[in-house]
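K.L.:
missing the sequence, but the structure's below:
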């Protein structure tokens, strides 16, 4: 055996020699006579509800009615032409494919360099989008990177390379089966606006909860979570007014997503900062509706929220089977 297991490298990969041992069987007929195969009977109960789930999976079976957008070109708040011919973030193709596409763009670009037009064109071709979008998409991405997220100097392109992580994947256990009703009961204590129509419905879950946070960054000694949203709300910038975005957040349960992702970030920081406390180190959550980032209104489409620590603890306790 020592000839086969020559050594085990530091990354646990097993390296072998080219020498293969020879196995000699002296009496094959005698071996066959003494072999009696028998199927084992499964005596334990299989857990069909022990799964790995995510926020997307929780929402998958929840039917959200599609909204028909009526474009009122005579709206005083939106003085626009009734002919949509310009290439803008509002007229970029809609759908899930675009959402995946724009997330991949933001994941792979360098925040500190000008976006290459050649690279943008290659990505469009690779994903079957028209090349006529190359220049506008490049300008749009540059705008996202250089738009202040707040009223101060918080700008993505000015973050230090050592102060952010893109697409942080996380897992945490759901130790005992929980239902949508249990989760709803915990949340409605703090969200008085919740009602039966805003309740999310899912099958009982137990196992692991997973997700991927678009961006975690450190700014002014605190840690923040940024979530990109590619939802199309209309052809005009006024369609992304704060009150309309808030309705979309409630409709699609993004507020619940924020709570779940806050638990992940909270636990992540607890494990990595010796003197961690929520008030000292947890900065908050930014939600960026990327289609609203254009020249007409800086940081329109960017919402900020600071999660309630008591909600984080109670939802966390529910997942970890502690008394709430």
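P.N.:
Nice, I can see it. Since the structure is predicted, the reported quantities are computational estimates derived from the model, not experimental observations.
K.L.:
for stretch 276-292, measure first residue to last.
P.N.:
One end of stretch 276-292 to the other measures 35 Å (C-alpha to C-alpha, to the nearest Å).
K.L.:
check stretch 294-310 too.
P.N.:
By C-alpha to C-alpha, one end of stretch 294-310 lies 36 Å from the other end.
K.L.:
in that stretch, what's buried?
P.N.:
By 16 or more other C-beta atoms under 10 Å, the buried positions in stretch 294-310 come out as 294, 299-303, 307. Heads up, the C-betas are built off the backbone N, CA and C, glycines and all.
K.L.:
what do you get for stretch 125-134?
P.N.:
In stretch 125-134, counting by 16+ other C-beta under 10 Å, buried: 129, 133-134.
K.L.:
now, these that are in helices?
P.N.:
Among the buried residues of stretch 125-134, the ones falling in helices (DSSP state H) are residue 134.
K.L.:
thinking again about what came up before, what's the most distant pair in the buried residues of stretch 294-310?
P.N.:
Using C-beta to C-beta, the buried residues of stretch 294-310 span at most 28.7 Å, a distance reached by 294 and 307.
K.L.:
any low-confidence regions in the stretch 151-300 of the chain?
P.N.:
For the stretch 151-300 of the chain, applying pLDDT under 70 flags the ranges 188-199, 295-299.
K.L.:
what ranges does it have for its helices?
P.N.:
Taking DSSP state H, counting those that start in this stretch as the test, the helices found in the stretch 151-300 of the chain are 180-188, 242-251, 254-272, 278-281.
K.L.:
ok, now the stretch 1-150 of the chain?
P.N.:
For the stretch 1-150 of the chain, applying DSSP H, counting those that start in this stretch gives helices covering 28-33, 55-60, 96-108, 117-126, 134-146.
K.L.:
got CSV for the buried residues of stretch 125-134, with pLDDT too?
P.N.:
What follows is the buried residues of stretch 125-134, written out as CSV (pLDDT from 0 to 100):
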residue, pLDDT
129, 91
133, 93
134, 94
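K.L.:
between the buried residues of stretch 125-134, which is nearest residue 172?
P.N.:
Ranked by distance to residue 172 (C-beta to C-beta), the buried residues of stretch 125-134 are led by residue 129 at 35.9 Å.
K.L.:
hmm, residue 101 and that closest one touching each other?
P.N.:
Yes - here residue 129 reaches residue 101: they are 7.1 Å apart, a contact under C-beta atoms under 8 Å.
K.L.:
shared neighbours, these two?
P.N.:
Common neighbours of residue 129 and residue 101, counting by C-beta atoms under 8 Å, 6 or more residues apart in numbering, are absent.
K.L.:
surely residue 164 touches residue 214?
P.N.:
No - using C-beta under 8 Å, residue 164 is not in contact with residue 214, being 10.5 Å away.
K.L.:
picking up where we left off before, ranking the helices of the stretch 1-150 of the chain by burial, who's on top?
P.N.:
Of all the helices of the stretch 1-150 of the chain, helix 134-146 has the most neighbours on average by mean count of other C-beta atoms under 10 Å, namely a mean of 18.
K.L.:
what's that one packed up against?
P.N.:
Judged by 3 or more C-beta pairs under 8 Å, 6 or more residues apart in numbering; DSSP states H and E, helix 134-146 is in contact with helix 96-108, helix 117-126.
K.L.:
nearest to residue 204 among the buried residues of stretch 294-310?
P.N.:
Each of the buried residues of stretch 294-310 was checked against residue 204 using C-beta to C-beta; the closest is residue 307, at 25.1 Å.
K.L.:
any idea how far residue 311 is from residue 169?
P.N.:
Here residue 169 is placed at a distance of 23 Å from residue 311 (C-beta to C-beta, to the nearest Å).
K.L.:
that should have said residue 272, apologies.
P.N.:
From residue 272 over to residue 311 the distance is 22 Å, taken as C-beta to C-beta.
K.L.:
which one of these two has more residues nearby?
P.N.:
More neighbours surround residue 311 than the other of residue 272 and residue 311, with 17 against 10 (other C-beta atoms under 10 Å).
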